[in-house]
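prediction below, plus the sequence it came from.
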Amino acid sequence: MTARTASARGRQARRLGHGFERLLAGADRKRWPDAVVKRADQGERAYCPDFFVYSGGPSQARYLWRECCNAEHVDVMRKLVQAEEDIAGLKSPASERWLPMVVWRKKRSRAILATLRYETLLVIVGEPPSVASSLTLWCIPVTLDYESLMGLVGGPAARGLR
């Protein structure tokens with residue numbers, strides 16, 4: 001058996017990542033049939049998330065900055081920081097509205113998970129953190145089942161709870 005070149009390994013990793021993004025984008029299209037969901041071009045990756053809701057769907061869905069990763073060894077915190085840095089680098093007043101998260105799974109696993117900061121989770125569920133909350137809790141990363149998290153998108157009003 002011959003060793004694969006770095007170029008071949010990189011090509012395979014990109015195909016695996018693109019397939020994962022297509023899977024997630026397709027799930028968004030089923031979840032929100034009126035939504036226009038797009039994948040970012042390779043050159044746009046620092047200016048927009050890996051895939052995003054362009055229009056339609058819950059308004060909150062348009063501000064999900066999802067950094068995707070499908071690999072054997074997932075460095076979730078590095079990817080979360082990357083998403084946060086990409087958002088910080090935007091020259092737009094709307095950049096404060098983006099909600100960074102990492103959507104990931106280990107290679108050969110069926111479980112899709114999402115990791116985000118506790119503060120971001122509170123915004124998604126429609127409960128902005130109170131001043132009384134401990135500031136140190138706001139930046140703690142939390143990991144949830146991705147489908148369960150997407151069920152929360154839109155806040156209580158979108159789910160008919162308030």
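Perfect, I can see it now. Keep in mind that this is a model prediction, so the values were computed, not measured. Numbering: from 1, shown residues only.

and the helix or strand harbouring Trp104, what's its mean pLDDT?
Using DSSP states H and E, Trp104 sits within strand 99-106. Confidence for strand 99-106, expressed as mean pLDDT, is 94.

quick one: neighbours of Ser55, just the number.
11 (other C-beta atoms under 10 Å). Just so you know, the C-beta spots here come from the backbone N, C-alpha and C atoms, and that holds for glycine as well.

which parts of the strand holding Trp104 are buried?
Neighbour-count burial for strand 99-106, with 16 or more other C-beta atoms under 10 Å as criterion, is recorded at Leu99, Pro100, Met101, Val102, Val103, Trp104, Arg105.

again with stretch 75-85
By 16+ other C-beta under 10 Å, the buried positions in stretch 75-85 come out as Val76, Lys79, Leu80, Gln82, Ala83, Glu84.

and the first one, how far is that from Gly56?
According to C-beta to C-beta, to the nearest Å, Val76 and Gly56 sit 29 Å apart.

can you check the last one too?
Applying C-beta to C-beta, one obtains 26 Å for the distance of Glu84 from Gly56.
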